[in-house]
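[1] all I have is the shape, not the residue letters:
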Ligand SMILES: C/C(=C\COP(=O)(O)OP(=O)(O)O)CCC[C@H](C)CCC[C@H](C)CCCC(C)C
Ligand SMILES: O=C(O)C1=CC(=O)c2ccccc2C1=O
């Protein structure tokens, strides 16, 4: 018969485990996966086009599955290098204590995600699958052997490319009305629309490395925060945020996007809080563990605001120029 102390410690263990699983699932992170499709939908509505809702729903689900693959395989690859062993108690590999089920689940998520993208491509343009495969390839370069480019500080540009021009172009093609020309990849629109929001997504990755800088350095993972040091990395954050807004406000100033696109400014309070937090506590891991989630709040509010601002424009009497 367990005594009172045993029961208390069992409860403590169970609630710690629950907290670890919650951290492992990190559902807010999936905001970065759904953003390219939401932006493409906002842009198409703003341009007076009809969005194919079945394609939108399919793209959202497939993108979530592909990011799930990326995260599960990240835990598997990081278990090989040992970099997660001290600080990432919420690694799915550590929580399950074995790799095989994680590997199987990761492969299942990848296959289902790609199959769904194939269906969307067959119903729109073959380029959708090509662009998504490039995004996934960039995700593999980030963490998979023999590349592991995230370990040499190249994760951020890979992240921007994957969630920016490639995923945005794929979403624009997949959601476009049936009569559109699917043989031309809309690079110009994908760059204008995707650059700012993808930089916001990249900021999430950049911020995720502050609290683990010591362990990353010890295991040879030279993230930008390791390379720059936490003080200089924190000083970069206001510049990155300014660049996000510049990329989103320039099309408005040029008259290509409606004034309502400035709704991306909804992310400003979270951005300002992030700057303050990192300026004061960049070298105190315990205090800045949540900085990645503050960056995520910025990314989500900024992207949703922009998407909504573009979509609402025709209903509020603002027009989008053909260059938009
Ligand atoms: C797995 C990622 C970051 C985790 O990095 P890290 O190892 O430092 O984290 P821990 O320390 O917590 O282990 C994100 C990497 C993003 C990658 C460069 C690009 C991914 C692309 C997606 C797979 C593509 C999604 C396509 C969709 C949006 C159409
Ligand atoms: O676990 C993380 O830290 C991240 C996971 C992830 O999928 C992602 C995607 C895009 C940008 C950043 C991140 C993470 O930081």
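    Ah, there it is. Because the structure is predicted, anything quoted here is derived from the model rather than measured. Ligands and ions are numbered 1, 2, ... in the order given.
[2] which residues touch residue 224?
    153, 155-156, 206, 209, 233 (C-beta atoms under 8 Å, 6 or more residues apart in numbering). For every residue, glycine as well, the C-beta is placed using N, CA and C.
[3] try it again with 7 Å
    Residue 224 makes contact with 153, 156, 206, 233 under the criterion C-beta atoms under 7 Å, 6 or more residues apart in numbering.
[4] next, the residue of the chain found nearest ligand 1: secondary structure please.
    Closest approach of the chain to ligand 1 (C-beta to the nearest ligand atom) occurs at residue 139, with a separation of 3.2 Å. Here residue 139 is recorded as helix under DSSP: H, G, I helix; E, B strand; the rest coil.
[5] my guess is it contacts residue 70. True?
    Yes: contact status for residue 139 versus residue 70: in contact at 4.6 Å, counting by C-beta atoms under 7 Å.
[6] got the residues of the stretch 51-200 of the chain near ligand 2?
    If contact is defined as C-beta under 6 Å from any ligand atom, the residues of the stretch 51-200 of the chain in contact with ligand 2 are 67, 70-71, 159.
[7] one more time with 5 Å, if that's ok
    Proximity of the stretch 51-200 of the chain to ligand 2 is not found for any residue under the rule C-beta under 5 Å from any ligand atom.
[8] how close does the closest residue to residue 48 other than its chain neighbours get to residue 279?
    Taking C-beta to C-beta, 6 or more residues apart in numbering, and ignoring the residues beside it in sequence, residue 48 has residue 314 as its nearest neighbour in space, at 6.1 Å. Summarising the geometry, the distance separating residue 314 from residue 279, computed by C-beta to C-beta, to the nearest Å, is 41 Å.
[9] for this protein, what's the longest helix?
    helix 53-81 (DSSP state H).
[10] the residue nearest to residue 48: how many residues sit nearby?
    Residues within reach of residue 314, counting by other C-beta atoms under 10 Å, total 16.
[11] sticking with the closest residue to residue 192 other than its chain neighbours, tell me its helix or strand.
    In space, not counting the residues next to it along the chain, residue 192 is nearest to residue 251; the distance is 5.6 Å by C-beta to C-beta, 6+ apart. Assignment of secondary structure by DSSP states H and E places residue 251 within helix 230-253.
[12] which strands or helices does that helix pack on?
    Using 3 or more C-beta pairs under 7 Å, 6 or more residues apart in numbering; DSSP states H and E as the contact criterion, the secondary-structure elements in contact with helix 230-253 are helix 187-207, helix 268-281.
[13] wait, doesn't residue 287 sit right on residue 278?
    No: shown here, residue 287 and residue 278 do not form a contact pair, counting by C-beta under 7 Å, at 9.8 Å.
[14] ok, these two, which is more surrounded?
    Neighbour count, other C-beta under 10 Å: between residue 287 and residue 278, residue 278 has more, with 25 against 15.
[15] ok, residue 114 to ligand 2 distance?
    Residue 114 sits 17 Å away from ligand 2 when distances are taken as C-beta to the nearest ligand atom, to the nearest Å.
[16] what of residue 174?
    In this structure, residue 174 and ligand 2 are 20 Å apart, going by C-beta to the nearest ligand atom.
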